[in-house]
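> Okay, sequence plus prediction incoming.
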Amino acid sequence: MCQRSQNYEELVFGEYYGKVVPFPDLIVYFGTAVHDILRYTEKQYPNYLHWSLQLIFDNLPKTTKVIYTNVARVNSKKQPPIWAKFTSNSRLFRYNSLTAEVVSNMLKHRNNQLFPMIDLFDMSRDKLHWNKDGVHYYPQWYRNVIDVIMGITCS
């Protein structure tokens, strides 16, 4: 990590994307609540997420659009028990609800750079058999997600 960056978001959006030419027309930001649960309490998470999205918009050209997704369900049958305790679907649902509030507020107060959030949690309800390790999915899941995103952005 660069000396100036304190975390992933600062590295990617404060340093890396600032050097990309030409800048992408669209960025898909996949929610990381399944990992953020370990770093932020439910009280801290909305502030972190707001800061993270604000950092993105502060560093993007006004022509770049952003699609934000929440996190998909986990498959607790495939997770190691220690992880299932932290990343249960009920906890992820609460964090995704907090995510929806933050994104909704940003949509109300932001220009047209942000698309409404894509709900991977509900999308993954019937696709847990595509989950390979309890958290991460097999390629066919990601292909379906990209098909949805392409359908939204190319229609």
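Looks like it came in fine.

> for the protein, which residue is closest to the average position?
residue 31 (1.4 Å; CA atoms, centre = their mean).

> Let me see the contact set for that residue.
68, 69, 70, 71, 96, 99, 120 (CB atoms under 8 Å, 6 or more residues apart in numbering). Any C-beta I mention is one placed from the backbone N, CA and C, and that applies to glycine too.

> Could you find the closest non-adjacent residue to the third one?
With CB to CB, 6 or more residues apart in numbering as the criterion, residue 70 has its nearest non-adjacent residue at 4.2 Å, and that residue is residue 96.

> That neighbour reaches residue 32, doesn't it?
No - contact between residue 96 and residue 32 fails when scored by CB atoms under 8 Å: they sit 11.6 Å apart.

> Just give the number of residues close to residue 121.
23 (other CB atoms under 10 Å).

> and if you look at the one 10 residues further on?
Residue 131 has 21 neighbouring residues, counting by other CB under 10 Å.

> And for the residue nearest to residue 40 when sequence neighbours are not counted, the neighbour number?
In space, and not counting its chain neighbours, residue 40 is closest to residue 48: 5.1 Å by CB to CB, 6+ apart. Counted with other CB under 10 Å, residues neighbouring residue 48 total 17.

> So what does residue 66 have for phi and psi?
Main-chain dihedrals, residue 66, degrees, to the nearest 10: phi -130, psi 130.

> where exactly do the strands run in this protein?
26-30, 65-69 (DSSP state E).

> among these, which is the most enclosed?
strand 65-69 (a mean of 19; mean count of other CB atoms under 10 Å).
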